[in-house]
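I need the structure of the sequence given here:
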Amino acid sequence: MEKPNSLCHLLLIIVLLPLWLSLAAAAAAASESTIKYLPGFDGPLPFDLETGYVGVGEKEEAQLFYYFVKSEGNPVDDPVVLWLTGGPGCSALSGLVYEIGPMNFEIVEYNGSLPSLVLNPDSWTQAASIIFVDMPVGTGFSYATSIEESQSSDFLQIQQAYEFLRKWLIDHPEFITNPVYVGGDSFSGLIVPGVVANISDGNEEGKIPFINLKVLVNSFNLLNQLKFVVVLFPFLMECQLYDHRLRLYEYLTNLLTKCSGYLLGNAATDPLFENNFEIPYAFGHAIISYELYQATAGINHAQILEPQCAYASPKPMEILYRKRYLKDQFQGFLELNDRLPTIGCHTYGYLLSKYWANDKSVQTALHIKEGSIGTWQRCNYGLPYAHQIFRSVDDHLYLSEKGYRSLVYSGDHDMMVTYLGTQAWIRALNFSIVDDWRSWHVENQVSGYTRTYSNKMTFATVKGGGHTAPEYKSHECFAMFRSYIGVGEAEEVQLFYYFVKSERNPEQDPLLLWLTGGPGCSALSGLAFEIGPLRFQVAEYNGSLPTLLYNPDSWTKVSSIIFVDSPVGTGFSYATTNSTAIRPSDIVQVSHAEEFLRKVGNENGVQPFVNLKGYMIGNPVTGGGFDNNAQIPFAHGMALISDELYQSLEESCGGEYERIDPTNLECLNNLKAFRQPQFYSYLICKYWADDVHVRRALHVREGTIDGWIRCNYGLGYVSDIPSSFEYHVYLSTKGYRSLIYSGDHDIVVPFLGTQTWIRALNYSIVEDWRSWHVEGQVA
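Below is the predicted model:
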């Protein structure tokens with residue numbers, strides 16, 4: 001990967017490297033441990049795994065836990081990926097063992113013994129070092145030492161993720177010059193652009209360390225801020241094959257002139273886009289039957305072809321801006337908590353992670369601070385988390401103006417954040433097309449379709465992918481990733497993290513800061529379920545510790561990754577004081593986020609300067625209507641609803657499923673039936689993270705966390721960023737690369753909604769829609 005080509009940046013690194021080294025030696029905020037053996041894995045780990053905590057906040061009372069897997073390729077040169085799991089509140093273990101990491105759980109009937117881990121042959125760590133972080137605090141093994149520091153929000157998570165990365169790099173100076181990517185999926189679509197914007201601004205302001213974010217210096221015309229986009233995307237023919245047939249209605253109002261490498265998977269970006277695509281998607285794919293209620297009750301929105309199963313620690317409830325559903329969903333989770341998934345269910349692997357992560361020997365091996373959390377949860381939906389970001393489309397435009405590359409991907413069977421919605425917001429960006437719609441291949445097989453835009457944004461679908469695409473199509477997603485990469489002053493918030501050094505060349509591979517969704521979902525989700533080097537062996541739980549397996553598709557094969565439990569209260573992160581108040585819940589304007597972000601980051605001289613290269617988001621929540629409005633079009637496109645029902649919904653709701661007239665009872669009743677609460681299970685992960693041996697292994701601070709929650713939705717978190725759209729705009733103008741990907745079977749953040757907000761960026765297309773392949777197969 002190329003190094004920073006700015007002479008000023010090079011001189012800055014040379015002059016300040018001794019300072020970084022001294023700061024690393026004196027830093028009390030970070031504590032890390034090299035893990036040679038993991039309970040559940042047979043023999044020594046064949047990759048470099050590090051876990052640790054990074055304290056964030058004024059007094060470092062929020063402790064963010066992370067898993068770092070060094071690249072298995074060339075960690076000296078390979079990029080470092082910071083991977084943020086969705087939720088919020090879902091552990092980075094999901095990314096590590098379920099999505100892109102080097103391990104998977106062996107799926108066998110649980111018999112009371114510790115679940116087994118096996119290697120993931122498609123681990124992204126073959127090409128990059130990856131950091132999987134339990135964040136926000138309260139996620140996974142991250143914890144807080146005070147009630148105040150256990151509160152988190154969108155903006156605070158962005159701030160703490162940037163603080164985490166800077167501190168982590170100071171403590172790991174060997175990675176300071178590596179290319180750095182920030183990635184994540186689902187809810188992280190609202191967070192990652194803000195993190196990348198902070199890094200970019202901090203670099204420009206001379207903050208230390210300089211983060212080698214992938215950027216191409218370019219001068220763009222001033223672009224307008226997208227304030228309102230409504231799209232209708234009736235998907236009628238073959239899914240994604242005939243892009244020219246798609247109808248797009250874009251209403252751009254209140255255009256405000258903006259002043260002045262990341263990767264997203266099935267990223268929730270803007271409910272205005274995503275919601276308007278739910279029904280067209282469902283119609284085009286014949287998902288919903290003649291009777292709406294009967295048909296939708298059994299649909300697995302995360303992967304529409306798979307059956308609904310019971311759960312223990314739930315899968316990320318990514319669309320938390322649908323607050324009218326959250327209370328019912330959480331109550332349903334409490335009422336049905338005694339149900340467990342059965343072997344054969346996709347969610348059975350989550351059950352194994354619960355057994356494994358809660359095992360005492362596992363926590364000991366991970367060096368989890370004893371007593372820092374209670375029971376480990378893969379997704380902690382009880383986090384005190386305030387939602388402030390409701391759309392992120394303008395963020396993509398901002399990042400594009402910065403010159404950063406971006407990769408946006410969508411699993412095409414995701415009904416949570418449909419690919420139709422993703423396409424809609426991408427079109428709203430109004431970028432010109434460089435390389436139009438085409439298939440991409442793995443091993444001569446179509447693995448999906450992709451399009452390249454002029455502002456260095458790439459959109460790709462993953463054929464057969466669900467809401468967290470790498471979890472369902474790990475081999476194809478690793479090929480996609482490999483191709484793509486050619487917090488408080490007194491540290492009162494202690495953010496726990498898992499750092500996995502790149503298995504290839506950690507000295508040069510990029511460093512990826514991975515933020516899990518939620519907010520409140522542990523970084524363990526990213527580490528063990530998504531992009532990390534571990535997977536839980538999916539076997540019937542028998543009371544013993546779940547077994548961990550190596551993930552051959554771990555992203556740590558090519559990048560070092562920090563998985564952070566953020567915000568505070570997520571996983572094993574915690575706060576040490578009661579001094580931090582909840583951010584006001586009415587801070588929802590994207591402009592407020594921009595004003596905040598311009599005060600921090602590289603551009604403001606924050607040290608160390610982060611060598612930011614770009615960002616990546618998978619099935620990312622973006623806000624602004626992109627995601628929610630794409631779900632029903634997605635369901636239709638995936639044949640989940642009948643033509644008659646889709647037409648009825650379209651007529652009664654007018655293609656608008658986010659902002660509904662309260663007097664429109666017909667539309668409300670139809671949507672109420674369509675959006676029945678869906679529950680998921682990562683039960684194994686919860687057992688694992690709550691095990692005392694696991695916490696000791698992870699060096700989780702004893703007493704900081706009670707029961708580990710994969711996604712803690714009880715966080716005191718203020719959601720004051722309604723959309724991350726403008727962050728993408730900002731980072732684009734900075735010249736950073738971005739990768740936005742969507743599992744095409746995800747209905748939480750449908751790829752249709754993601755496409756919608758990308759279109760709203762109005763970028764020209766460099767390489768149009770095409771398939772991409774893994775081992776000759778369309779991925």
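
Retrieve the pLDDT associated with Val137.
We have a pLDDT of 90 for Val137.

Pro209 too?
Here, the pLDDT recorded for Pro209 equals 92.

Please apply the same query to His244.
pLDDT, His244: 31.

Kindly report the same for Gln159.
pLDDT, Gln159: 93.

Same question for the one 4 residues further on.
The per-residue pLDDT reported for Glu163 equals 96.

May I ask you to confirm that it belongs to a helix?
Yes. If the criterion is DSSP: H, G, I helix; E, B strand; the rest coil, then Glu163 is within a helix.

okay but it is in contact with Val56, surely?
Yes. Counting by CB atoms under 8 Å, Val56 is a contact partner of Glu163 at 4.7 Å. The C-beta positions use only the backbone N, C-alpha and C, and glycine is treated the same way.

Give me the more crowded residue out of those two.
When neighbours are counted by other CB atoms under 10 Å, Val56 comes out ahead of the other of Glu163 and Val56, with 42 against 29.

which residues does the more buried one bridge with?
Counting by DSSP bridges, Val56 forms beta bridges with Val493.

wait, it sits on Lys167?
Yes. The criterion here is CB under 8 Å, and Val56 meets it with Lys167 at 7.4 Å.

What's the end-to-end length of stretch 461-476?
Chord length of stretch 461-476, first to last residue, is 11 Å (CA to CA, to the nearest Å).

For stretch 174-186, the averaged confidence score.
If you average the pLDDT over stretch 174-186, you get 90.

got it, and stretch 346-355?
The average pLDDT for stretch 346-355 rounds to 87.

Which parts of the stretch 551-700 of the chain are helices?
Ranges of helices in the stretch 551-700 of the chain, per DSSP state H, counting those that start in this stretch, are 590-597, 631-637, 643-653, 665-674, 683-689, 692-697.

residue with max distance from the center of this structure?
Most distant from the centre of the chain: Thr663, at 35.9 Å, with distances by CA atoms, centre = their mean.

Quickly note the distance from that residue to Leu649.
Distance, Thr663 to Leu649, by CB to CB, to the nearest Å: 17 Å.

which residue packs closest to Glu401, ignoring adjacent ones?
Nearest residue to Glu401, sequence neighbours excluded (CB to CB, 6 or more residues apart in numbering): Thr733, at 1.2 Å.

How many neighbouring residues does that neighbour have?
Thr733: 27 surrounding residues under other CB under 10 Å.

I'd say it and Tyr398 touch.
Yes. Counting by CB under 8 Å, Thr733 does reach Tyr398; the two are 5.8 Å apart.

can you list the weak-confidence ranges in the stretch 101-250 of the chain?
Residue ranges of the stretch 101-250 of the chain with pLDDT under 70: 214-250.

can you pull out the helices in it?
Along the stretch 101-250 of the chain, counting by DSSP H, counting those that start in this stretch, helices occupy 154-171, 192-204.

most neighbours per residue, which of the ones you listed?
When these are scored by mean count of other CB atoms under 10 Å, the highest mean neighbour count falls to helix 192-204 (a mean of 36).

what is the rounded mean pLDDT of the longest strand along the chain?
In terms of residue count, the longest strand belonging to the chain (DSSP state E) is strand 427-442. Strand 427-442 carries an average pLDDT of 87.

before we move on, the earlier item: and the gap between the residue farthest from the centre of the chain and Phe478?
49 Å.

One more: Thr461?
Separation of Thr461 from Phe478 (CB to CB): 16 Å.

Count the neighbours of Gly112 for me.
Residues lying near Gly112 (other CB under 10 Å) number 11.

Name all residues that make contact with it.
Gly112 is in contact with 541-544, counting by CB atoms under 8 Å, 6 or more residues apart in numbering.

Give the buried subset of those residues as a PyMOL selection command.
Buried residues within the contacts of Gly112, by 16 or more other CB atoms under 10 Å, are selected in PyMOL with:
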select buried, resi 541+544
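
would you turn the contacts of Gly112 into JSON lines with distance to Thr34 and secondary structure?
Output for those, formatted as JSON lines (distance: CB to CB, whole Å; DSSP: H, G, I helix; E, B strand; the rest coil):
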{"residue": "Tyr541", "distance to Thr34": "29", "secondary structure": "coil"}
{"residue": "Asn542", "distance to Thr34": "30", "secondary structure": "coil"}
{"residue": "Gly543", "distance to Thr34": "30", "secondary structure": "coil"}
{"residue": "Ser544", "distance to Thr34": "26", "secondary structure": "coil"}
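
In terms of distance to Gln308, which of the contacts of Gly112 ranks first?
Nearest to Gln308 among those, counting by CB to CB, is Tyr541 at 19.6 Å.

Can I get the helices of the stretch 101-250 of the chain in TSV including distance to Ser566?
As requested, the helices of the stretch 101-250 of the chain are exported to TSV (distance: least, CB to CB, whole Å):
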stretch	distance to Ser566
helix 154-171	5
helix 192-204	10
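
And Thr461 and Phe478? Which one has more around it.
Thr461 (40 against 32).

in what helix or strand does the more buried one lie?
In this structure, Thr461 sits in strand 457-462 according to DSSP states H and E.

Pairing partners for that strand, with directions?
When sheet partners are counted by DSSP bridges, strand 457-462 sits next to strand 405-411 (parallel), strand 738-743 (parallel).

Run through the residues that contact the closest residue to Met415 other than its chain neighbours.
Closest residue to Met415 apart from its sequence neighbours, by CB to CB, 6+ apart: Ile747 at 1.5 Å. Contact analysis of Ile747 by CB under 8 Å, 6+ apart lists 278, 281, 299, 301-302, 304, 414-418, 467, 631, 634-635.

where's Ser742 relative to Pro470, distance?
12 Å.

The two - which one has more neighbours?
Ser742 (49 against 41).

just checking, Leu351 touches Thr342?
No. In this structure, Leu351 is not within contact of Thr342 by CB under 8 Å, at 9.3 Å.

neighbour-wise, which of those two wins?
Leu351 (37 against 14).

From Phe496, how far out is the more buried one?
Counting by CB to CB, the gap from Leu351 to Phe496 is 23 Å.

My read is that Glu476 contacts Ala460, right?
No. Using CB under 8 Å as the test, Glu476 is too far from Ala460 to be in contact (9.8 Å).

Can you check which residues contact both of these two?
Common neighbours of Glu476 and Ala460 (CB under 8 Å, 6+ apart) are 448, 772.

who are the neighbours in contact with the closest residue to Gly465 other than its chain neighbours?
Spatial nearest neighbour of Gly465, excluding adjacent residues (CB to CB, 6+ apart): Gly411 at 2.5 Å. Shown in contact with Gly411 (CB under 8 Å, 6+ apart): 265-266, 303, 419, 461-462, 464-469, 472-473, 619, 741-746, 751.

please redo it, this time with the cut-off set to 7 Å
Contacts were defined as CB atoms under 7 Å, 6 or more residues apart in numbering; by that measure Gly411 touches 266, 462, 465-467, 469, 472, 619, 742-746, 751.

So which of those residues is the closest to Ser406?
Set against Ser406, the nearest of the contacts of Gly411 by CB to CB is Ser742 (13.0 Å).

Quick check: chain neighbours aside, which residue is closest to the closest one?
Ser410 (1.3 Å).

ok but His475 is inside a strand, no?
No. Checked against three-state DSSP, His475 lies outside a strand; its state is helix.

roughly how far apart are it and Phe609?
His475 is 36 Å from Phe609, by CB to CB.

Of the two, give the one with the bigger neighbour count.
The residue with more neighbours, out of His475 and Phe609, is Phe609; 30 against 20, by other CB under 10 Å.
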